[in-house]
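In: sequence first, predicted model second:
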Amino acid sequence: MRAFVLTSPGAWEVQELPAPVAGPGEVVVDVERVGVCGTDVEFFTGAMAYLHQGHSAYPMRPGHEWAGRVAAAGEGVDTRWLGRRVMGDTMLGCGSCRRCVLGRQHLCEKRREVGIRGGQSGALAEQLAVPASSLHALPDSVDPVLGALVEPGGNALRAARAAAPRPGDRVLVLGPGTIGLLVAMFLRAADAEVHLMGATEDSLVFARGLGFEHVWPEGSVPDLPFDAVIDASNAAHLPGSALELVEPGGRLVYIGLAGEPSRIDTRTLALKDVTAVGILSGSPGLDATIHAYATGTVDPRPLVAATVGLTEVGPVLAGERPPGAGLGPKIHVDPRPSMATGPL
Ligand SMILES: [Zn+2]
Ligand SMILES: [Zn+2]
């Protein structure tokens with residue numbers, strides 16, 4: 001099978017590899033769709049912290065936002081998975097430590113992460129082997145595009161829930177990238193008054209096109225009481241701005257990660273009586289996200305700007321926009337040969 005492999009910072013190959021075999025407890029999935037995200041870009045550039053902490057190493061195959069169909073089941077796996085469309089949890093906890101036992105396997109010290117950490121190969125390939133225990137079945141109404149948006153959606157749903165809006169509450173989202181826009185969609189579905197702040201004109205235009213009317217460039221956010229502020233940006237100064245912007249008694253949600261430490265003044269946090277929440281991983285939000293997509297409560301498909309084949313992943317990770325791409329923040333990959341080789 002063909003697979004996309006990063007061999008060193010900035011270097012990649014599409015390799016012909018032996019097809020994976022489902023080991024005990026595992027399934028092999030025919031991958032139908034994969035999302036490319038900022039984490040993959042960090043592995044491409046070499047900036048990703050896990051590379052420097054010994055959690056990850058080249059050569060590696062990224063891809064953690066995926067959907068596909070189960071093609072083979074290993075020993076001990078329920079054969080009813082065969083033929084099912086699924087997505088999989090990125091986080092693979094050890095299953096036996098205190099955090100795993102408490103249901104927080106996404107925080108397991110010894111966890112592997114599909115396409116990210118612990119040598120667990122990702123989904124940028126025609127086939128992927130993963131533990132059956134990590135699978136989530138997708139109903140027919142969740143197509144492969146939606147399925148590959150469940151993982152980022154799980155992150156966003158958790159961030160939106162952490163903001164805990166009551167109907168009519170005013171919530172400001174900083175950073176209209178994939179996560180920020182998904183958060184905004186979940187907040188809108190909860191009847192919040194959603195405001196978005198972005199850095200580039202294109203991102204603001206795109207957000208307006210999704211039907212968000214309160215869209216502001218930085219520095220132009222109106223002086224209104226925001227019941228919650230969510231930082232979904234990668235700007236080191238915005239976590240501090242979020243604390244300035246939130247209404248006393250309100251909630252702050254931090255899901256964005258900057259390339260350097262962000263500082264907030266905890267005196268302001270205390271004096272404003274604000275609750276601050278950090279979010280890592282979509283794991284505890286995957287089922288609720290699948291339900292929201294299946295019922296049409298949230299439809300994030302407009303976020304996908306283009307779908308490319310495996311040979312075009314390298315240029316995308318290097319920052320190139322595929323020809324004909326829209327303004328949306330998400331690029332999808334169809335790793336199947338028909339897509340990769342184009343029409344005959
Ligand atoms: Zn991602
Ligand atoms: Zn564990």
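Out: Yes, it's here. Numbers count the residues shown, from 1 in each chain. Ligands and ions are numbered 1, 2, ... in the order given.
In: and the nearest residue to residue 116 once chain neighbours are set aside, how many neighbours does it have?
Out: Distance criterion Cβ to Cβ, 6 or more residues apart in numbering; nearest residue to residue 116, sequence neighbours excluded, is residue 64 at 5.7 Å. The C-beta positions use only the backbone N, C-alpha and C, and glycine is treated the same way. By the measure other Cβ atoms under 10 Å, the count of residues near residue 64 is 27.
In: mind checking pLDDT for residue 64?
Out: At residue 64 the predicted local distance difference test score is 98.
In: where do the helices sit along the chain?
Out: Remark: helices assigned in the chain by DSSP state H are 38-45, 49-53, 98-101, 144-147, 150-163, 178-189, 201-209, 238-245, 266-271, 286-295, 313-317, 337-341.
In: using CSV, lay out those helices together with distance to ligand 2, mean neighbour count and mean pLDDT.
Out: Formatted as CSV, the entries for those read as follows, by distance: least, Cβ to the ion, whole Å; neighbours: other Cβ atoms under 10 Å; pLDDT from 0 to 100:
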stretch, distance to ligand 2, mean neighbour count, mean pLDDT
helix 38-45, 21, 19, 95
helix 49-53, 17, 13, 94
helix 98-101, 3, 14, 96
helix 144-147, 26, 22, 98
helix 150-163, 19, 26, 98
helix 178-189, 25, 26, 98
helix 201-209, 38, 16, 96
helix 238-245, 29, 20, 97
helix 266-271, 30, 11, 97
helix 286-295, 18, 19, 98
helix 313-317, 30, 19, 97
helix 337-341, 37, 14, 56
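In: between those helices, which one is closest to residue 172.
Out: For the helices of the chain, proximity to residue 172 was assessed by Cβ to Cβ; helix 238-245 is nearest, at 6.1 Å.
In: residues contacting residue 150?
Out: Residues near residue 150 by Cβ atoms under 8 Å, 6 or more residues apart in numbering: 65, 67, 87, 136, 138, 142, 282, 286, 289, 290, 293.
In: so what's it closest to, chain neighbours aside?
Out: residue 87 (4.7 Å).
In: which one is the closest residue to ligand 1 within the stretch 101-250 of the chain nearest to, not counting chain neighbours?
Out: Relative to ligand 1, the nearest point of the stretch 101-250 of the chain is residue 152 (5.5 Å; Cβ to the ion). Across the structure, with Cβ to Cβ, 6+ apart as the measure, the residue nearest residue 152 apart from its sequence neighbours is residue 178 (5.5 Å).
In: isn't that neighbour right up against residue 155?
Out: No. With contact defined as Cβ atoms under 8 Å, residue 178 does not count as touching residue 155 (9.4 Å).
In: confidence score at residue 259?
Out: In this prediction, residue 259 has a pLDDT value of 86.
In: can I see the domain layout of this protein?
Out: Per the record, the chain has its domains at 2-149+300-341, 156-278, by automatic domain parsing.
In: what residues are up against the closest residue to residue 185 other than its chain neighbours?
Out: Take residue 185 and drop its neighbours on the chain: the residue closest to it by Cβ to Cβ, 6+ apart is residue 298, 4.8 Å away. Under the criterion of Cβ under 8 Å, 6+ apart, the contact list for residue 298 reads 153, 182, 185, 186, 189, 289, 292.
In: how about the contacts made by the residue nearest to residue 152?
Out: Going by Cβ under 8 Å, 6+ apart, residue 178 touches 35, 37, 152, 303, 329, 330.
In: which pair in those spans the largest distance?
Out: By the measure Cβ to Cβ, 37 and 303 form the most distant pair in those, at 11.4 Å.
In: shared neighbours of the two, which are they?
Out: Shared between the contact lists of residue 37 and residue 303 (criterion: Cβ under 8 Å, 6+ apart) are residues 178, 330.
In: how far does stretch 206-221 stretch from one end to the other?
Out: 18 Å (Cα to Cα, to the nearest Å).
In: which outside residues touch that stretch?
Out: In contact with stretch 206-221 (Cβ under 8 Å, 6+ apart) are residues 172, 176, 181, 184-185, 188, 193-199, 201, 204, 222, 245, 302, 327-329.
In: got the buried residues for it?
Out: Buried residues in stretch 206-221, counted by 16 or more other Cβ atoms under 10 Å: 206, 207, 210, 212, 214, 215, 216, 221.
In: ok, the first one to residue 334 distance?
Out: The gap separating residue 206 from residue 334 is 23 Å, by Cβ to Cβ, to the nearest Å.
In: next one: residue 162
Out: Taking Cβ to Cβ as the measure, residue 162 falls 33 Å from residue 334.
In: swap in residue 307?
Out: Distance from residue 307 to residue 334, counting by Cβ to Cβ: 6 Å.
In: joint contacts of the two?
Out: Counting by Cβ under 8 Å, 6+ apart, the residues touching both residue 307 and residue 334 are residue 33.
In: give me the pLDDT value at the closest residue to ligand 1 within the stretch 201-344 of the chain.
Out: Closest to ligand 1 within the stretch 201-344 of the chain is residue 282: 8.7 Å, counting by Cβ to the ion. At residue 282 the predicted local distance difference test score is 95.
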